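[1] output the structure for:
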Amino acid sequence: MLRFLTSLILLLVFILVAGPLQAVELAAPDVPTVIIPVGQQDDQFDEDFDDDFADDFADEGSFDEILIADPLEGFNRGMFWVNDKLYFYLVKPVAKGYRFIVPRPARVSVGNFFANLLTPIRAANALLQLKFTDFGTEIYRFIVNSTMGIAGLFDPATSLAGVEKVEEDFGQTLGYYGAGHGFYLVLPVLGPSSLRDTTGGMVDTVLDPFRYADLTTMEYLGAKVFKVTNGLSLDKDTYESIVRDSLDPYLFVRAAYAQRRAAQVGKVDYSILTIDGSFLNENNLNPFKWLGM
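    Below is the predicted model of the structure:
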């Protein structure tokens, strides 16, 4: 009976937390790659969340243009309202409680672990798009972080070698080959999406390592709840900034989503030998160089 109740609670929490975090992630803009000394990474992480919207989204008028078809706007606004209330009354309080209990370095390591675990999704989609540099980046990062980074708990590929994670998914793959969004869709549970990206997300689950672990359905959902809660605990109130500073947060998030996804589609890069001229060089490939030996 206790196991049943625990599973039921995990399922409910997963349903409630996934959507608002998706909205926060998709609204956040891409930022230039910066190599940060190990000792300054925590402070820089906090500053990034504070600066993202102030720098890139200061002119709200630029988001008035409709960048994605929205024939279901009435339905989408209703779902946006539901997700908004869930965020403020349940999701963020839970994340704040978790943030208070678990030290930040531990939460960063948890985020690193999950990001490393999902490498197959990113690498496969980079390969499908013929982005060989990105494919090589993900394979390189997985090898380095799984070994030197102790099963992905740390990210020496970024902190020591300066090789950043790339974001690739099957929605981007479809867009890369010319598939349009279809229409904008705010899912009751998963937040901002589109017909194309919803389809892509379903395909990506085929490569999700959690699906092939020896987990029950409730244990699988529990792992996803943990991942989402941990990710939100590292956020510096990004969604709160949207609501506070936007006359119409729905339009803001819709435009930010469309622009971010358009930027992520990317272009072909047939080179597997360089990343900004420095991927496969001695300093990046030799771990002893990272340690100053």
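[2] what about Tyr239, distance to Thr137?
    29 Å (CB to CB, to the nearest Å). C-beta coordinates here come from the backbone N, C-alpha and C atoms, glycine included.
[3] so which residues of this protein form strands?
    Assigned by DSSP state E, the strands in the chain fall at 184-187, 191-194.
[4] so which of the ones you listed is nearest Phe252?
    strand 191-194 (10.9 Å; CB to CB).
[5] quick revisit: nearest to Arg261, of the strands of the chain?
    strand 191-194 (7.6 Å).
[6] wait, Phe80 sits on Val186?
    Yes: with contact defined as CB atoms under 8 Å, Phe80 and Val186 form a contacting pair (5.1 Å).
[7] more neighbours: which of these two?
    Ranked by neighbour count (other CB atoms under 10 Å), Phe80 and Val186 place Val186 first, with 28 against 20.
[8] quick check, pLDDT for the residue lying closest to Gly149 once chain neighbours are set aside.
    Spatially, and ignoring its direct neighbours in sequence, Gly149 is nearest to Pro156 (5.2 Å; CB to CB, 6 or more residues apart in numbering). pLDDT, Pro156: 96.
[9] now Pro156: how far from Gly171?
    30 Å.
[10] look at the two and report which has more neighbours.
    The residue with more neighbours, out of Pro156 and Gly171, is Gly171; 26 against 19, by other CB under 10 Å.
[11] my read: that one touches Leu195, true?
    No: using CB under 8 Å, Gly171 is not in contact with Leu195, being 9.9 Å away.
[12] quick one: low-confidence ranges for the stretch 101-250 of the chain?
    189 (pLDDT under 70).
[13] again, 80 this time
    Low-confidence segments of the stretch 101-250 of the chain, defined by pLDDT under 80, are located at 189-190.
[14] what segments of it are helices?
    104-117, 119-128, 132-147, 156-159, 170-176, 195-204, 217-233, 238-245, 249-265 (DSSP state H, counting those that start in this stretch).
[15] between these, which gets nearest to Pro93?
    Nearest of the helices of the stretch 101-250 of the chain (CB to CB): helix 217-233, 10.7 Å.
[16] the closest one versus helix 238-245: what angle between them?
    If you take axes from the mean of the first three to the mean of the last three CA atoms, to 10 degrees, helix 217-233 sits at 50 degrees to helix 238-245.
[17] now helix 217-233 against helix 104-117, angle please.
    Using the same axes, to 10 degrees: helix 217-233 against helix 104-117 is 120 degrees.
[18] now helix 217-233: buried residues?
    Residues of helix 217-233 classed as buried by neighbour count (16 or more other CB atoms under 10 Å): 218, 220-233.
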